[in-house]
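Student: Task: produce atomic coordinates for the following.
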Amino acid sequence: KASRIPGVLESVVITLALALSSTTVAAILAFFVALFGSEKVSPFPKAAKFVRGFATFLRNIPALVWAFILFSSLGIGTGVGFVALCITSFAFLVRAFVETMDCVESLQAVGASFPQRVSQAILPSCLSGFLSWFLYSVEVNIRASTIVGMVGGGGVGLTLFSYIKSFQYDVALSIILLVALMVIVVDQITGKLRKELLK
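Tutor: Now for the predicted structure:
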């Protein structure tokens with residue numbers, strides 16, 4: 001029904017905002033943590049393994065599981081989805097950023113300080129790589145946010161689940177097709193941007 005369209009479209013916008021905001025926050029945090037996770041960059045090389053190990057531990061717990069864990073304390077809503085996506089994106093991006101940084105060896109050999117390595121070697125050399133991983137993570141989170149939403153994380157997933165529960169399968173099918181279209185469009189846009197960055 002036409003009266004349902006504004007509500008569905010609003011939930012789609014919420015899902016997009018959820019994926020983008022959680023990935024952005026996760027990427028910023030991951031960048032700073034990754035600086036200490038790379039033995040070539042970190043001022044405390046011996047601690048790098050612990051940082052990577054912590055990120056690996058978080059990464060091995062799916063966003064859906066985090067959503068179930070957080071649901072009991074935060075209740076239903078976008079807050080659950082945001083935190084769940086943020087944790088998994090953070091863990092993934094820490095590892096991705098560390099690997100990107102490990103390819104840079106300049107300045108360390110000439111005794112550059114930690115701030116100099118970051119500002120003069122890491123950022124100029126790795127920024128396009130960081131942005132590429134960020135865009136990939138946005139792609140992943142667009143899909144994940146729909147699934148997380150179905151267990152209480154808000155957005156289009158929660159809307160979809162409510163229609164399935166009330167046996168309104170025609171509306172549910174329309175939402176599924178809309179989500180599929182949204183994922184395809186986002187994949188196409190981010191894919192092109194990643195190719196441009198990696199040229």
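Student: starting at the chain centroid, how far to the lowest-mean-pLDDT helix or strand in the chain?
Tutor: Lowest on mean pLDDT, DSSP states H and E among the helices and strands of the chain sits helix 114-116, with a mean of 77. Chain-centre distance of helix 114-116: 27 Å, with C-alpha atoms, centre = their mean, to the nearest Å.
Student: Relative to the whole chain's centre, how far out is the helix or strand encompassing Val80?
Tutor: Taking DSSP states H and E as the definition, Val80 sits inside helix 78-101. The chain centroid and the centroid of helix 78-101 are separated by 5 Å under C-alpha atoms, centre = their mean.
Student: do the same with stretch 115-124
Tutor: In terms of C-alpha atoms, centre = their mean, the centre of stretch 115-124 is found 24 Å from the chain centre.
Student: list the buried ones in it?
Tutor: 117-118, 121-122 (16 or more other C-beta atoms under 10 Å). Backbone N, C-alpha and C define where each C-beta goes, glycine included.
Student: Nearest to Ser38 among these?
Tutor: Comparing these against Ser38 with C-beta to C-beta places Ile122 closest, at 8.6 Å.
Student: Settle this for me: the closest one is touching Ala34, isn't it.
Tutor: No. Using C-beta atoms under 8 Å, Ile122 is not in contact with Ala34, being 9.4 Å away.
Student: Show me the common contact partners of these two, please.
Tutor: Met101 (C-beta atoms under 8 Å, 6 or more residues apart in numbering).
Student: Contacts only, for Ser21.
Tutor: If a contact means C-beta under 8 Å, 6+ apart, then Ser21 has Phe82 as its contacts.
Student: Over to it: give its phi and psi.
Tutor: phi -70, psi -40 (degrees, to the nearest 10).
Student: measure it to Gly155 for me?
Tutor: Distance from Ser21 to Gly155, counting by C-beta to C-beta, to the nearest Å: 11 Å.
Student: do Ala55 as well
Tutor: Counting by C-beta to C-beta - Ala55 and Gly155 are separated by 26 Å.
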